[in-house]
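>>> how does the following fold in three dimensions:
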Amino acid sequence: MTCTFSVGRRKLLARLSLPLLLTAVPALAKDEFHLYNWNNYIAPETIKRFEESCQCDVVQSYYSSNDELLAKIAAGAKGYDMYVPTSNAVDALIKGKKLAPLDHSKLPNLKNIDPRYLNPYFDPGNKYSVPYAMSTTIIGYNDVKMKELGLPTDTWAVIFEPKYLEKVKGRVTVLDDENELFGAALKYLGYSVNDTDEKHWKAAQAVINKAKPYWAAFNASSYIKELTVGNIWLVHGYSNDIFQANLDAQAAKRPFHIVQGMPKEGAVLAVDNMVIPKDAQRPDLALKFMNFVLEGKNSSELTNLIGSGNPNLEAVKYIKPEILRNPAIFPDKEVAAKLEQLRDLTAAQRRLRSRMWTEIKAGH
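Model (predicted):
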């Protein structure tokens, strides 16, 4: 096919071509991958290397709870290529038909995941989700203060029993998360975190109400800082947050350590998963990112940064030995047997739990 430009048209194009080229190059936007994640839940160096490998920009947005993520999606939020929800939230998203099925041929590194964490009850065959990282919801404490006061650090009793709490009144926080706090109270009472007997829920509610006057706050965000500076001595919190609080305390040369305490009654295990929303603009980049994060070294960087548990067997060789030895991060079989993942509730159960939570927060 030939083009027949007039001489005048050719001259005009020649005059225009240079400035057009000069202005067009910076106008070419890089590909963007939009990641909706928990705050501080991926190592900056991992992001940088992925951006270099895919020639794209990673744009991160953050949420502080699964409820916040689910509420935002329910309200119609769009523009994300990946979420990293906990298993019970993945269950809800699958039931709500919000996720795109995964092309496993693009995920050869899926073989690195410990088989114990594959094929979960809510997603047989991992059609929609891939395990990312883990944490436990446990006790965190100021070792100097707890030793001074002679308080136990291996039982939920220290969070719920007034005879212990009166020694630390106003120096304790619990997570502002109804499922996590009910889970801890149910474990303390000897029940499963997934017990749905209304009588047992009421018993858990009573335990929470009895302890509440001694707590400083329901806090899921600033408690890391409060522990670090020594304002708070005892928390119900996430293992990786407690790990971070200790790193910060040591960096600031505080005269104490923030220690992770695993309750003997058992605790909640959270497995967070990478999923792709059905309306993702760049599912291709999401799959590339998934496979990239599943590489052993890349996966290990998150554990070394924040002390998260890790379902990736290939990552173990790159994880710091002191983290691998930490039973709150890598529990032994005896401890692991007492850990449970929260399951999604029915709509009726969610309404009841929500009503009970409102009563707790309102002080009834």
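>>> show me the contacts for the nearest residue to residue 154 once chain neighbours are set aside.
The shortest distance from residue 154 to any non-neighbouring residue, by C-beta to C-beta, 6 or more residues apart in numbering, is to residue 264 (5.2 Å). In short, each C-beta sits where N, CA and C put it, glycine included. By C-beta atoms under 8 Å, 6 or more residues apart in numbering, residue 264 lies in contact with 154, 155, 338.
>>> same question for residue 98.
Counting by C-beta under 8 Å, 6+ apart, residue 98 touches 73, 277, 278.
>>> list the buried residues of stretch 54-64.
Of all the residues in stretch 54-64, those buried under the rule 16 or more other C-beta atoms under 10 Å are 54, 56, 58, 63.
>>> quick one: least confident of those?
In this model, the minimum pLDDT among the buried residues of stretch 54-64 belongs to residue 63 (91).
>>> can you name the element that comes right after the helix or strand hosting residue 90?
Element membership of residue 90 [criterion: DSSP states H and E] is helix 87-95. Using DSSP H and E, the helix or strand that follows helix 87-95 in sequence is strand 129-142.
>>> contacting residues around the helix or strand just after that following strand?
Using DSSP H and E, the helix or strand that follows strand 129-142 in sequence is helix 143-149. Contacts of helix 143-149 from elsewhere in the structure, counted by C-beta under 8 Å, 6+ apart, are 153, 167, 168, 171, 233, 234, 255, 256, 257, 258, 259.
>>> try it again at 10 Å.
139, 141-142, 151-153, 158, 164, 167-168, 171, 230, 232-234, 246, 254-259, 261 (C-beta atoms under 10 Å, 6 or more residues apart in numbering).
>>> skip the chain neighbours and tell me the closest residue to residue 156.
The shortest distance from residue 156 to any non-neighbouring residue, by C-beta to C-beta, 6+ apart, is to residue 188 (3.7 Å).
>>> average model confidence for stretch 226-239?
Mean predicted confidence for stretch 226-239 is 97.
>>> and it, which residues are buried?
By neighbour count on 16+ other C-beta under 10 Å, the buried set for stretch 226-239 is 226, 227, 228, 230, 232, 233, 234, 235, 236, 237, 238, 239.
>>> and these, which is closest to residue 115?
Comparing the buried residues of stretch 226-239 against residue 115 with C-beta to C-beta places residue 239 closest, at 22.8 Å.
>>> tell me how far the closest one lies from residue 260.
Residue 239 is 6 Å from residue 260, where distance means C-beta to C-beta, to the nearest Å.
>>> shared neighbours of those two, anything?
136, 138, 139, 140, 307, 326, 328, 329.
>>> now for the residues you listed, which pair is the farthest apart?
Longest distance between any two of those is 15.1 Å, between 139 and 307; criterion C-beta to C-beta.
>>> quick check: domain ranges of this protein?
With domains defined by automatic domain parsing, the chain comprises 31-133+272-331, 135-268+344-362.
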